[in-house]
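**Q** Sequence first, predicted coordinates after that:
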Amino acid sequence: MATLEIRDLEVAVEDKKILTGVNLTIRAGETHAIMGPNGSGKSTLAYAIAGHPKYTVTGGTVTLDGDDVLAMAVDERARAGIFLAMQYPVEVPGVSVSNFLRTAVTAVRGEAPKLRLWVKEQREAMARLGVDPAFAERSVNEGFSGGEKKRHEVLQLELLRPKIAVLDETDSGLDVDALRDVSEGVNRVRAGGETGVLLITHYTRILKYIEPDFVHVFVKGRIVEQGGKELADELEAHGYTKYGPDATAPAAPGLPTGPVLPGAVTTA
């Protein structure tokens, strides 16, 4: 069973500390939702895991099945099984979606899929997401609508089947139909039980389609509370006001029992 372990992670951007001690364990088959106010560091966590050079790790560890993720280059992290669906996917002019996907799949699987089988696999994955086959010949994300960009991210997820999928505000900018299609794609990957999901979101609307096993509240660069789906409903109803501008995480002895996070806390 794949396991991503984050211990006491501290991350800075241009010498400004953003993450102040994150502890989180994600196992294959689990879905963890991270919610929190703007500027709390949720996206910083996603990009630090993926290895974005803008984010400097100043303390702590990240391991995948015991291997040091922080010692890996970005492409090595992807081949090891870490996937990031970006909030704002970038355009790659001149590279077709089909070539992009086949190159990514080749890198992760260690060999190029046979062309005849690949075309069939790609078309079937597109059909499941309600994507026009002509989409395959367009340049990656160039001129794509918000929904098309997010469908393309989930198309990658379905074809790559990573060990750990980090989804950074995948619901951002989606209409109801696109949200349903994207969520169903994520759920198909989850159903295999071989992928752990870290879902970063502001709102509970995506959690009505992708039900989390754990919900974590992120404030000022660390996890300050955690629970089940009912915690997301509470946040939807009352917001983050109870955590206040100076919300901090008390020491670890307040941890609840069960498969939760060392260093995280619950608040009354």
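**A** Yep, it's here. Numbers count the residues shown, from 1 in each chain.

**Q** what ranges do the helices span in this structure?
**A** In the chain, the segments counted as helices under DSSP state H are 42-50, 74-80, 97-109, 115-128, 146-160, 176-191, 229-238.

**Q** Just want the angle from the fifth one to helix 176-191.
**A** Relative orientation of helix 146-160 with respect to helix 176-191: 10 degrees, computed using axes from the mean of the first three to the mean of the last three C-alpha atoms, to 10 degrees.

**Q** Closest to the centroid, which residue in this protein?
**A** Centroid-nearest residue in the chain: residue 166, 1.6 Å away (criterion: C-alpha atoms, centre = their mean).

**Q** For the stretch 151-268 of the chain, which residues score under the pLDDT cut-off?
**A** Low-confidence segments of the stretch 151-268 of the chain (pLDDT under 70): 245-268.

**Q** quick one, which of the helices of the chain is nearest to residue 25?
**A** Closest approach to residue 25 among these is made by helix 42-50 (12.9 Å; C-beta to C-beta). To be clear about C-beta, it is placed using only N, CA and C from the backbone, and glycine gets the same treatment.

**Q** With only the CA atoms kept, save that closest one in PDB.
**A** These are the backbone C-alpha positions of helix 42-50, laid out as PDB (Å, rounded to 0.1, in the frame of the first residue of the first chain):
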ATOM      1  CA  LYS A  42      -2.800  25.100   0.900                       C
ATOM      2  CA  SER A  43      -1.400  25.500  -2.600                       C
ATOM      3  CA  THR A  44       2.100  25.900  -1.200                       C
ATOM      4  CA  LEU A  45       1.800  22.400   0.200                       C
ATOM      5  CA  ALA A  46       0.700  21.000  -3.200                       C
ATOM      6  CA  TYR A  47       3.600  22.600  -5.000                       C
ATOM      7  CA  ALA A  48       6.200  21.700  -2.400                       C
ATOM      8  CA  ILE A  49       5.200  18.100  -2.700                       C
ATOM      9  CA  ALA A  50       5.500  18.300  -6.500                       C
END
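
**Q** same for that helix, what does it pack against?
**A** Judged by 3 or more C-beta pairs under 8 Å, 6 or more residues apart in numbering; DSSP states H and E, helix 42-50 is in contact with strand 3-13, strand 16-27, strand 31-35, strand 56-64, helix 74-80, strand 82-85, strand 164-168, strand 196-200.

**Q** Now render those as a markdown table, adding distance to residue 158.
**A** What follows is the helices and strands packed on helix 42-50, written out as a markdown table (distance: least, C-beta to C-beta, whole Å):
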| stretch | distance to residue 158 |
| --- | --- |
| strand 3-13 | 20 |
| strand 16-27 | 19 |
| strand 31-35 | 16 |
| strand 56-64 | 21 |
| helix 74-80 | 16 |
| strand 82-85 | 11 |
| strand 164-168 | 10 |
| strand 196-200 | 13 |
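
**Q** Looking at those, which is nearest to residue 189?
**A** So among these, strand 164-168 is nearest, using C-beta to C-beta, at 6.8 Å.

**Q** Let's see stretch 221-233 as PDB, backbone CA atoms only.
**A** The C-alpha trace of stretch 221-233 is given here as PDB (Å, rounded to 0.1, in the frame of the first residue of the first chain):
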ATOM      1  CA  GLY A 221       0.600  27.100   7.300                       C
ATOM      2  CA  ARG A 222      -0.400  24.100   9.300                       C
ATOM      3  CA  ILE A 223      -3.300  21.800  10.200                       C
ATOM      4  CA  VAL A 224      -5.300  23.000  13.100                       C
ATOM      5  CA  GLU A 225      -8.300  20.700  13.100                       C
ATOM      6  CA  GLN A 226      -9.400  17.500  11.500                       C
ATOM      7  CA  GLY A 227     -12.400  15.300  11.300                       C
ATOM      8  CA  GLY A 228     -14.700  13.600   8.800                       C
ATOM      9  CA  LYS A 229     -17.100  15.000   6.200                       C
ATOM     10  CA  GLU A 230     -19.200  16.600   8.900                       C
ATOM     11  CA  LEU A 231     -16.300  19.100   9.500                       C
ATOM     12  CA  ALA A 232     -16.600  20.300   5.900                       C
ATOM     13  CA  ASP A 233     -20.300  20.900   6.400                       C
END
